[in-house]
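Visitor: with the sequence up front, the predicted model follows.
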Amino acid sequence: MSATLFDAVLTTSDMSDVFSDTALVQAMLRFEQALARAQAEEGLIPADAACVIASHCRAEKYHLAAIVADGRVAGSVAIPLVKALTLAVRAVDSTAAGFVHWGSTSQDVIDTALVLATREALALLDRDLQDLLASLLTLAEQHAATPMLARTLLQPAQVMSFGLKVAGWAAPLTRARERLRTQAARALALQLGGAVGTLAAMGERAPQIAQRMAAELELTPPAAPWHTQRDEWVRLGLEVSVLVGGLSKIATDLTLMCQAEVGELAEPMASGRGGSSAMPHKKNPVAAMSALAAAQRTPHYAAALLAAMGQQHERGLGNWQAEVAEWPNLFLSAHGALHALAGAMRGLHVDAERMRSNIDAQRGLVFSEAATMLLAAGIGRDRAHALMEELTLQAAASQPLEAVLRARLASDSALRDSVDAGQLQRCFDVDAAAAHCAHLARQRLAHLREALHREPP
C-alpha cells in the first residue's frame, strides 16, 4: 500500500513496508504456496504440481501495477493475481496449472494475506510500545517526587508529582499491550472457506488441509471460515484504536506542558526538528503532533470497521472491500504515533524548576482543599468552606493564601485555638504533597513493571 506524500510524514517506513503492494502480494502468494503444499500432502493434488506452483509464488515475478489495474475491473486483486500465477505455471507445466488455487476463493487469499501482514504490524507496535513504556517507567521513577501542578478543566487544581502523572500515562498503554496480545492470539487465524464457506471442493480432507496450512503459516487454525463473521478481527482493530486513544492522551498533555508559557516539558532538541518555515525561534512538539494527527483519524477507521460488519449472506458486497481497504490505514497511523512518542520520551526534557515555579505562582491557592479540611475538623465543613472561599478571594488579590489565613487566625482567637500550627504548615508544604504522590506512583510502577515483562499468552 503506497502512502501519499502527507500520509508518509505521519507513519514509518517499517509499517509502510509491511503493507506495501509487494509485501501484500507476497503474502497472498504465500497463501497459494501453503494451499498447494497442504493439498499435495493430503493427496488432493499431485506433489509435482504443488512444487511447480510453489516455485512461482514470488512477487518479483509479477507486474504489480497491471494486477492492481486488472483488480479494479475484476473487483479484487486476488483474481488477476491468481490468473497471473496460473499463466506462469502453465508456461512450464500445463497440468500443474489446473491445480492453482484449487477449491479456494479470492477472499481466502486476501484475508489470510492481511492476517500475515497484521502479525508483522503487531510486532512493530509491540516493539515500540515496549520501548515507550520502558521510557515512561524510567521517567516516572526519576520524577516520582517531583512536584507539579495537577490541572482540572485546564485550570490549576492541586499539587501532584510528575512521576504519578507519567505512571498514569503508562497504565492504559500497558493494558492496551496485554489486550492486543490476547486478541491477536484469537484473531490471527487462517481464512479458508472456498466459494461459500463450506470447502465443498476439498471434500473430507478440508479440515486436514486447513490444519496443515495454518501450521506452515504459523497461524491459528480457524474453528470455521470467517468470511462474514468479522467479530474477532474487528475487535483486534478496535484494540489498536484504543491504543491510539491512550497515545493521544499523552500527546495532549505533552503539548499543553510544552507550551512556552507553561514550559514544564520539551521534546528532544535536534537540528531541523520541529522548526518553522517562517519563524526560526519555533520548536514545535512534532512527536505529539503525529500522535494527535493519528487520534484525529483513528475514530474514522474504527467506525469504518464497525460499519462493515453487516455483511450480506456468505460474502459481503462493498462492506468487506471497504474493511480491507481501511485496515492498513489504522496500523500506519498507529505506528506513526507510537514511534514518534517513543522517540520523544527517550530524550524528553523535564524542567522541574519551572514546575515548582508554576506552583509558586498560584500563591498557595492550590492548597485550599487541604486547608479547608484542617479547619473543618474544628469549625465544621460548611463554615470552613465558606471561610476559605472568602480567604481565597483575598489571596488572589493580595498576599499568598497561607499568609491570609494566618492573619485571620491571629485576629480570631476562637478560630486560632481550633487549628494546630504544625498541621497548618504541612497543608502548604509542596514537597509533602509530592511525597504522598510519590508513594502512590511507586506502588503503581511495581505493577506496571511486572506487566511490562510478562510473557504473552
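Guide: Cool, got the structure.
Visitor: what segments of the protein are strands?
Guide: Using DSSP state E, the strands found in the chain span residues 147-152, 155-161, 265-266, 349-350.
Visitor: so which of these is the most surrounded?
Guide: Among the strands of the chain, judged by mean count of other Cβ atoms under 10 Å, the one packed with the most neighbours on average is strand 265-266 (a mean of 22). C-betas here are computed from N, CA, C, even on glycine.
Visitor: now what about that one, what contacts it?
Guide: Identification of contacts with strand 265-266 by Cβ atoms under 8 Å, 6 or more residues apart in numbering yields 254, 257-258, 283, 285, 348-351.
Visitor: where's the dip in pLDDT among those?
Guide: Of all the contacts of strand 265-266, Lys283 carries the smallest pLDDT score, 73.
Visitor: what's the neighbour count on it?
Guide: When counting by other Cβ atoms under 10 Å, one arrives at 14 neighbours for Lys283.
Visitor: hmm, it is touching Gln259, no?
Guide: No. Look at Lys283 against Gln259 with Cβ atoms under 8 Å: they stay out of range, at 11.1 Å.
Visitor: these two touch, right, Glu369 and Gln158?
Guide: Yes. With contacts defined as Cβ under 8 Å, Glu369 counts as touching Gln158 at a distance of 6.6 Å.
Visitor: where does Ala144 land on pLDDT?
Guide: What the model reports for Ala144 is a pLDDT of 98.
Visitor: spatially nearest residue to it, not counting backbone neighbours?
Guide: Leaving out its chain neighbours, the residue that sits closest to Ala144 by Cβ to Cβ, 6 or more residues apart in numbering is Gly163, at 3.5 Å.
Visitor: verify the contact between that neighbour and His143 for me.
Guide: Yes. Contact status for Gly163 versus His143: in contact at 4.3 Å, counting by Cβ under 8 Å.
Visitor: for those two, indicate the residue with more neighbours.
Guide: The residue with more neighbours, out of Gly163 and His143, is Gly163; 26 against 23, by other Cβ under 10 Å.
Visitor: so, low pLDDT: which residues of the stretch 301-450 of the chain?
Guide: Low-confidence regions of the stretch 301-450 of the chain, defined here as pLDDT under 70, do not occur.
Visitor: in it, which spans are helices?
Guide: 319-346, 352-360, 368-379, 381-397, 401-411, 413-417, 421-427, 430-452 (DSSP state H, counting those that start in this stretch).
Visitor: just to revisit the earlier point, which residues touch the residue nearest to Ala144?
Guide: With contact set as Cβ under 8 Å, 6+ apart, Gly163 has these partners: 139-146, 437-438, 441.
Visitor: the same query, at a cut-off of 7 Å, please.
Guide: 140-141, 143-146, 438, 441 (Cβ atoms under 7 Å, 6 or more residues apart in numbering).
Visitor: follow-up on the earlier one: wait, which of the strands of the chain is closest to Ala451?
Guide: Judged by Cβ to Cβ, the one of those that comes nearest to Ala451 is strand 155-161, at 21.0 Å.
Visitor: what are the phi and psi values for the nearest residue to Gln107 once chain neighbours are set aside?
Guide: For Gln107, the nearest residue in space outside its immediate sequence neighbours is His227; the separation is 5.6 Å by Cβ to Cβ, 6+ apart. Its backbone dihedrals place His227 at phi -50, psi -50, with angles given as degrees, to the nearest 10.
Visitor: equivalent analysis for Asp429, please.
Guide: Dihedral angles phi and psi of Asp429 (degrees, to the nearest 10) take the values phi -90, psi 110.
Visitor: how deep is it tucked in, by neighbour count?
Guide: 14.
Visitor: and the lengthiest helix in the chain, how far from the chain's centre?
Guide: Identified as the longest helix of the chain according to DSSP state H is helix 106-142. Its chain's C-alpha centre and that of helix 106-142 lie 8 Å apart, by Cα atoms, centre = their mean, to the nearest Å.
Visitor: same deal with stretch 201-221?
Guide: Averaged over its C-alpha atoms, stretch 201-221 has a centre that lies 32 Å from its chain's centre (Cα atoms, centre = their mean).
Visitor: could you number the chain from 51 rather than 1 from now on?
Guide: Right, with 51 as the first residue, what we last looked at is stretch 251-271.
Visitor: list the buried residues for that stretch?
Guide: 252, 255-256, 258-260, 262-264, 266-267, 269-270 (16 or more other Cβ atoms under 10 Å).
Visitor: what would the residues you listed look like in CSV with pLDDT?
Guide: Compiled in CSV, the buried residues of stretch 251-271 are given as follows (pLDDT from 0 to 100):
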residue, pLDDT
Met252, 96
Arg255, 95
Ala256, 96
Gln258, 97
Ile259, 97
Ala260, 97
Arg262, 98
Met263, 98
Ala264, 98
Glu266, 98
Leu267, 98
Leu269, 97
Thr270, 94
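Visitor: among those residues, which ones are in helices?
Guide: Reading helices off the buried residues of stretch 251-271 with DSSP H, I get 256, 258-260, 262-264, 266-267.
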